[in-house]
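Visitor: predicted model and sequence follow; I will ask about them next.
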Amino acid sequence: MNKFLLILMTPVLLAGCYMGPQGELVGVHPREYWDQANPYGMNYIHFGSYTMGPSDQDVPYALNTRAKTVTIPAFYMDVHEISNNEYRQFVNYVRDSLFLNTLAENDDDRYFYAEDKDGKELDRFIDKGFVLNWEEPVDWTDEDVFDLLYDEYYLQGSDRYYNRKEIDTRKLNYRYYWFNLEKAASKEGRDEDYGEPNELGQWHSVKRYSDRQQFVVEETINVYPDTLVWIHDYAYSYNEPLAENYFWHPAYDDYPVVGVTWGQAVAFNAYRTQIMNSWRKNEGQTYIQKFRLPSEAEWEYAARGGRNLAPYPWGGPYIRNEQGCVLANFKPMRGDYVEDANAYTAPVESYSPNDYGLYQMSGNVAEWTNTAFDETVYDFAYDLAPDYVYHAKMEDSQALHRKVIRGGSWKDIGYYCQTGTRTYEYSDSAKAFIGFRSVMSYLGRGKSGPKEEWN
């Protein structure tokens, strides 16, 4: 009897421990404590304001910038440009996912999940794809598997060179989705009113869209870099060794990836976000903010490293140190590319970082930003987190396909290495002198405590 009373009283006592809000507004509890560590390979950039634009004379008289004070919220930025080896992880993921999808479509149940951990049947198609089993390596010793994948994804017949078994890079297409927030935020076209009139005839209108799907954009893009940029960018120049080896050879693993279009850089960030949030979901953790290309204003703020009005990431006004050594990988003299110890690109962590711990914000490779290029953008952009985004359509004029690139490259003169210099390239162009790095917005006001502990 005593045992029965004890069991009966236990839930009563436990229920009594939870007092609830007691009539007060206390918020929803419990909630996960949020203290995000720096993403791997990224440094924290504290919020602040600075004078955006040229810090020196406008050498080519381009007149496409003017000085403007702006404020930038806190964010994270890659310490260095995305390397060949890092981008290769993306390419290999696309390759492996295609392999697994093909095997799953062939009803090979080793490579997809039909049930979850609790035995609940899964929908075989999630976002038009299978729930893949990434823990199962492809069994190349299985003749059926080998024949299926070889016929589908490897070069055949006259496409082969010296009878080598090589994957057909034209098949490496990546599909991802993004949400068009600009279109969704528009007040035009809201076709459903979720408000209700009261008995006094008052109508508290709350207009929304009845169809969210119209804002979800599906993208499919080939992810393999254009290795032929080393040839077609430079006529009458022998660069075949780079075209043949730069992306795949281990000698260039730590060099910046090039030959990547703006669209491929955006797709890389979608993949990077996907793998991180998939891992966090499996660990029962909250999703993080997405990886993305920096805005032009974020890029310049980070490049300055807290040195407002300085022409270069290391300060300036000179591009050489006291010993006469150049401080970045660029073209210092006419016909002389090697005074900086590099004929082409340099490893991504070459030279000294700026005061934010970022390497080669000047020189080496110019970098894609998310900002659409317009000569007058400084006049109309907002002064808090300024950016200008335009999703150009195929039928739009070429001028609307321009994206801002920053930082200068190994083949540029010193002017393009200045933090305030801006130029552009077309979003569908791949070049041997353009790479990129990623950023992520910081969620919250910003870090506190000693600066030495931020990174």
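Guide: The structure has been received and is ready for your questions.
Visitor: now the terminal residues of stretch 393-410, how far apart.
Guide: Distance across stretch 393-410, first residue to last, is 32 Å (CA to CA, to the nearest Å).
Visitor: so which residues of the stretch 151-300 of the chain form helices?
Guide: In the stretch 151-300 of the chain, the helices defined using DSSP state H, counting those that start in this stretch lie at 181-185, 229-232, 240-245, 262-282, 296-304.
Visitor: which parts of the third one are buried?
Guide: Residues of helix 240-245 classed as buried: 242-243 (neighbour count, 16 or more other CB atoms under 10 Å). Heads up, the C-betas are built off the backbone N, CA and C, glycines and all.
Visitor: looks like residue 290 contacts residue 440 (just checking).
Guide: Yes. Between residue 290 and residue 440 there is a contact under CB atoms under 8 Å: 7.1 Å.
Visitor: of those two, who's got more company?
Guide: Applying other CB atoms under 10 Å to residue 290 and residue 440 shows that residue 440 carries more neighbours, namely 24 against 17.
Visitor: show the pLDDT at the more buried one.
Guide: Looking at residue 440, its pLDDT is 98.
Visitor: helices and strands around the strand or helix carrying it, which ones?
Guide: In this assignment (DSSP states H and E), residue 440 forms part of strand 439-441. Using 3 or more CB pairs under 8 Å, 6 or more residues apart in numbering; DSSP states H and E, the elements in contact with strand 439-441 are strand 75-78, strand 291-292.
Visitor: strands paired with it, and their directions?
Guide: strand 75-78 (antiparallel), strand 291-292 (antiparallel) (DSSP bridges).
Visitor: mind checking how far the first one is from the chain centre?
Guide: Centroid separation between strand 75-78 and its chain, computed with CA atoms, centre = their mean, to the nearest Å, is 10 Å.
Visitor: what's next to it, contact-wise?
Guide: 38-39, 41-45, 294, 298, 302, 356, 358, 437-442 (CB atoms under 8 Å, 6 or more residues apart in numbering).
Visitor: swap in the shortest one?
Guide: For strand 291-292, the external contacting residues (CB under 8 Å, 6+ apart) are 39, 266, 269, 272-273, 276, 370, 438-440.
Visitor: now what about the strand holding residue 440, what contacts it?
Guide: Residues outside strand 439-441 that contact it (CB under 8 Å, 6+ apart): 39, 42, 73-78, 288-294, 298, 302.
Visitor: okay, domains of the protein per the record?
Guide: Taking automatic domain parsing as the reference, the chain has its domains at 44-83+223-453, 86-168.
Visitor: okay, the ones you listed, which one's buried deepest?
Guide: Stretch with highest mean neighbour count among those: domain 44-83+223-453 (a mean of 18; mean count of other CB atoms under 10 Å).
Visitor: please enumerate the helices of the stretch 351-455 of the chain.
Guide: Remark: helices assigned in the stretch 351-455 of the chain by DSSP H, counting those that start in this stretch are 377-380.
Visitor: nearest to residue 150, of the strands paired with strand 439-441?
Guide: strand 291-292 (33.9 Å; CB to CB).
Visitor: gap between residue 27 and residue 445?
Guide: Applying CB to CB, to the nearest Å, the value for residue 27 to residue 445 is 18 Å.
Visitor: residue 318: which of the helices and strands packed on strand 439-441 is closest?
Guide: Ranking the helices and strands packed on strand 439-441 by proximity to residue 318 (CB to CB) places strand 75-78 first, at 25.5 Å.
Visitor: can you state the direction angle for the next helix or strand after that closest one and helix 262-282?
Guide: Downstream of strand 75-78, the first helix or strand assigned by DSSP H and E is helix 84-105. With axes from the mean of the first three to the mean of the last three CA atoms, to 10 degrees defining the directions, helix 84-105 sits at 70 degrees from helix 262-282.
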